[in-house]
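Colleague: Build the 3D model from these lines:
(one chain, ligands or ions: 2)
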Amino acid sequence: MQNDSFAAQMQAHLQAAKGPSAAAQVEASARNDVLTKPPGALGRLEDLAIWYASWRGDARPQITAPQVIVFAGNHGVVAQGISAFPAEVTVQMVANFERGGAAINQLANLHGAKMEVVALELDRPTFDFTQRAAMDAAHLDAALKAGWDAVDPASDLLVVGEMGIGNTTAAAAISLALFGGEAADWVGRGTGLDDAGVARKAEVIAKALEVNAPEGPLEVLRCVGGREVAAMAGAIARARVENIPLILDGFICCSAAAVLEKLVEGALDHCVAGHRSAEAAHGRVLEALGKEPLLTLGLRLGEGSGAALAIGILKGAIACHSGMASFAEAGVSDG
Ligand SMILES: O=C(O)c1ccc[n+]([C@@H]2O[C@H](COP(=O)([O-])O)[C@@H](O)[C@H]2O)c1
Ligand SMILES: Cc1cc2nc[nH]c2cc1C
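Modeller: Ligands and ions are numbered 1, 2, ... in the order given. Okay, here's the model as predicted:
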């Protein structure tokens, strides 16, 4: 093979990936039509159930093996003063995840999801992307592969989350590069920047794109992304190839996902948006991806927390779809 980089292999896998099962979709829709409820009365839960069934190739599925993966990375661009918190919080929070003390641990436990934490070279932050590319090709490949390998192919639902002080700046730079507009459209407070900090962040991402001028989605990811962002992209791609439905989290997760959609159209068809974060630019990314969020609760935590909360909604949809009686079975008159 001429280009045997992991990134090129991942792209080829995405291009060759199968879609959902049309037969399961037809069967699940037919089942939905005869369940004991007025037509459409379960609203979006009905669409969710049919979508999930078609991706699993099973008209009456169960969710028994959800997986949550939290990727962590450090960012050289923190030297530009773009976060309200110091970089050491990333490694400290990884220890907290490992001890079970973070929000994501509680939400994963609540929904019976197994959770893994993948820390990506925390003592080797990416390069400051206002000076040069954040990663070289080998760094990008290693991070994509770490994400790809972290997915358990036996999972039946995936949530990918992240922890990385400075990563809303990376997500903003990615979004500006992929979708255009003004730098100011894509920056927000992150962990709690003041107005001056947000203005500085806009200058930082504008400079990053001037200095790097990345061309193509994978170059955008390499130049202004980060290890945990690339790992999320690798995991989302693997889930697509394995037909594992995935719930997207906040701004950083969706910027990683957007790289894939720009790379291969339809790469996110196995994804539903778990929530809309309070980071304003997240709503813009969701709109650009055509994804309607399930929840809008003002969360801006990351870690996969909004997506993990939405596991309950998807489980509710599947419990109704697969467990309810039909009109005929229950002896209820239909309309
Ligand atoms: O998921 C989101 O939309 C989100 C919005 C704001 C902040 N975060 C989290 O906060 C961290 C990044 O914030 P910052 O200000 O350091 O760029 C990182 O660990 C993210 O998980 C996450
Ligand atoms: C404490 C803390 C927890 C987090 N979880 C995800 N991002 C975070 C950022 C901070 C600062």
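
Colleague: and Glu329, how many neighbours?
Modeller: The burial count assigned to Glu329 is 11, neighbours taken as other Cβ atoms under 10 Å. Bear in mind the C-beta positions are built from the backbone N, C-alpha and C, glycine included.

Colleague: hmm, who's touching the helix or strand hosting it?
Modeller: Per DSSP states H and E: Glu329 is located in helix 327-330. Contacting residues not belonging to helix 327-330 are listed as 34-36, 333-334 [Cβ atoms under 8 Å, 6 or more residues apart in numbering].

Colleague: rerun that using 7 Å as the cut-off
Modeller: 34, 36, 334 (Cβ atoms under 7 Å, 6 or more residues apart in numbering).

Colleague: Now the last one: closest residue in space that isn't a chain neighbour?
Modeller: Nearest-residue entry for Asp334: Phe327, 4.4 Å, with adjacent residues in sequence omitted and distances by Cβ to Cβ, 6 or more residues apart in numbering.

Colleague: any idea how far Cys320 is from that neighbour?
Modeller: 15 Å (Cβ to Cβ, to the nearest Å).

Colleague: go on, Val198?
Modeller: For Val198, the distance to Cys320 under the criterion Cβ to Cβ works out to 43 Å.

Colleague: same deal with Glu303?
Modeller: Computed as Cβ to Cβ, the Glu303 to Cys320 distance reads 28 Å.

Colleague: Which residue ranges of the stretch 151-300 of the chain form strands?
Modeller: 157-163, 246-248, 271-273 (DSSP state E, counting those that start in this stretch).

Colleague: Of those, which stretch is the most buried?
Modeller: Highest mean neighbour count among the strands of the stretch 151-300 of the chain (mean count of other Cβ atoms under 10 Å): strand 157-163, with a mean of 30.

Colleague: Distance from that strand to the middle of the chain?
Modeller: When distances are taken as Cα atoms, centre = their mean, to the nearest Å, strand 157-163 is centred 6 Å away from the chain's centroid.

Colleague: Tell me the strands beside it, with direction?
Modeller: Here strand 157-163 has these sheet partners by DSSP bridges: strand 66-72 (parallel), strand 246-248 (parallel).

Colleague: Pull stretch 279-290 out as CSV, backbone CA atoms only.
Modeller: Once non-C-alpha atoms are left out, stretch 279-290 reads as follows in CSV (Å, rounded to 0.1, in the frame of the first residue of the first chain):
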residue,chain,number,x,y,z
GLU,A,279,-20.4,26.6,25.1
ALA,A,280,-22.2,28.6,22.4
ALA,A,281,-20.2,27.3,19.5
HIS,A,282,-21.5,23.7,20.2
GLY,A,283,-24.9,24.7,18.9
ARG,A,284,-23.3,25.9,15.6
VAL,A,285,-21.4,22.7,15.1
LEU,A,286,-24.6,20.6,15.8
GLU,A,287,-26.5,22.7,13.2
ALA,A,288,-23.7,22.3,10.7
LEU,A,289,-23.8,18.5,11.3
GLY,A,290,-27.7,18.5,11.1
